[in-house]
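In: Got a sequence here, can you build the structure:
(one chain, ligands or ions: 2)
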Amino acid sequence: MASVDFINVRKSFGTHAVIKGVNVEITDGEFVILVGPSGCGKSTLLRMLAGLENISAGEIRIGDKIVNGLAPKERDIAMVFQNYALYPHMTVADNMAFSLKLKGANKTAIETLVKPAAEILGLSHLLERYPRQLSGGQRQRVAMGRAIVRNPQVFLFDEPLSNLDAKLRVAMRAEIKELHQRLNTTTVYVTHDQIEAMTMADKIVVMNDGRVEQIGSPLDLYDRPANLFVAGFIGSPA
Ligand code: ADP
Ligand code: MG
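Out: Ligands and ions are numbered 1, 2, ... in the order given. The predicted structure follows:
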């Protein structure tokens, strides 16, 4: 676990400013959701935390460490993407073990990490299957398994459920929350779905056009929206 701080973070692509001075404090073990309309800068903020984009100004901290300029592998994070990009030619076990192999872990070390992660995710009986032999929900679990085995300080999710059908999406929300309750890893989760944000988050960061409109618990936002944007966004169906 670790805290995460965005301090006056800015990002421009060329002359196009897309993150316009963002301040967010995330405490140890918190489940924080960045929500806002398409194009408001959620993924860019997450990618800067992951080290996949440089920041133009400001500071990002993970724990006590300023991570500006550090490569993704120098940050103690694991990211789960929307298109979970499993390796089609590798089994579930090998998909989950891949990053550990890259880090030079030996076979025993890998087994002691992969087995419990598979157990938690209900994948133990699927370890020798290939991604094409799995359902959408099972693939999503493998993608989460790849993140879990790395035992990171922070989990990052970018719209992990948006490729799933509505029923599965609801089930996976609960699974991700259970996982968080079990591991208590600090989590930053991006979605454009208000209902997902309201049902899953400890704390919601409402973004609009590169800025933060409000930060609060689901109840705070529901009871005391800071402005019309927040009220309209939270109140409207996804
Ligand atoms: P969201 O995830 O909230 O939908 P993004 O963070 O993906 O939004 O994008 C925010 C803005 O930044 C958009 O206007 C998008 O077109 C722009 N943008 C994102 N990535 C790049 C890039 N690599 N180059 C130029 N513009 C980008
Ligand atoms: Mg996005």
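In: how close does the most centrally placed residue in the chain sit to ligand 1?
Out: Per CA atoms, centre = their mean, the C-alpha nearest to the average position across the chain is that of residue 157, at 1.8 Å. Residue 157 is 12 Å from ligand 1, where distance means CB to the nearest ligand atom, to the nearest Å. For every residue, glycine as well, the C-beta is placed using N, CA and C.
In: Tell me how far the helix or strand that contains that residue lies from the chain's centre.
Out: Assigned by DSSP states H and E, residue 157 falls within strand 154-158. When distances are taken as CA atoms, centre = their mean, to the nearest Å, strand 154-158 is centred 2 Å away from the chain's centroid.
In: ok, now stretch 194-213?
Out: Using CA atoms, centre = their mean, the offset of stretch 194-213 from its chain centre is 13 Å.
In: how about that stretch: buried residues?
Out: Judged by neighbour count using 16 or more other CB atoms under 10 Å, the buried positions of stretch 194-213 are 194, 196-198, 200-201, 203-208, 210, 212-213.
In: give me the beta-bridge partners of the residue nearest to the centre of the chain?
Out: residue 80, residue 189 (DSSP bridges).
In: ok, it - contacts?
Out: 79, 80, 176, 187, 188, 189, 190 (CB atoms under 8 Å, 6 or more residues apart in numbering).
In: let's see 7 Å
Out: Neighbour list for residue 157: 80, 187, 189, 190 [criterion: CB atoms under 7 Å, 6 or more residues apart in numbering].
In: for those, which one is nearest ligand 1?
Out: Closest approach to ligand 1 among those (CB to the nearest ligand atom): residue 190, at 6.5 Å.
In: what packs against the helix or strand harbouring residue 11?
Out: Using DSSP H and E, residue 11 maps to strand 4-13. Counting contacts by 3 or more CB pairs under 7 Å, 6 or more residues apart in numbering; DSSP states H and E, strand 4-13 is packed against strand 16-26, helix 42-50, strand 57-62.
In: Tell me which helix or strand residue 53 sits in.
Out: Residue 53 belongs to no helix or strand when assigned by DSSP H and E.
In: How many residues are close by it?
Out: 17 (other CB atoms under 10 Å).
In: tell me the contacts of it?
Out: 11, 44, 47.
In: From residue 13, how far off is it?
Out: 9 Å (CB to CB, to the nearest Å).
In: cool, and residue 52?
Out: 14 Å.
In: And residue 5, by the same measure?
Out: Taking CB to CB, one finds residue 5 at 23 Å from residue 13.
In: between these two, who's got more neighbours?
Out: Using other CB under 10 Å as the criterion, residue 5 and residue 13 rank with residue 5 on top: 18 against 10.
In: From the structure, what's the count of residues near the residue nearest to the more buried one when sequence neighbours are not counted?
Out: Leaving aside its sequence neighbours, residue 5 sits nearest to residue 61 (CB to CB, 6 or more residues apart in numbering; 4.2 Å). By other CB under 10 Å, the residues close to residue 61 number 18.
In: All set now, cheers.
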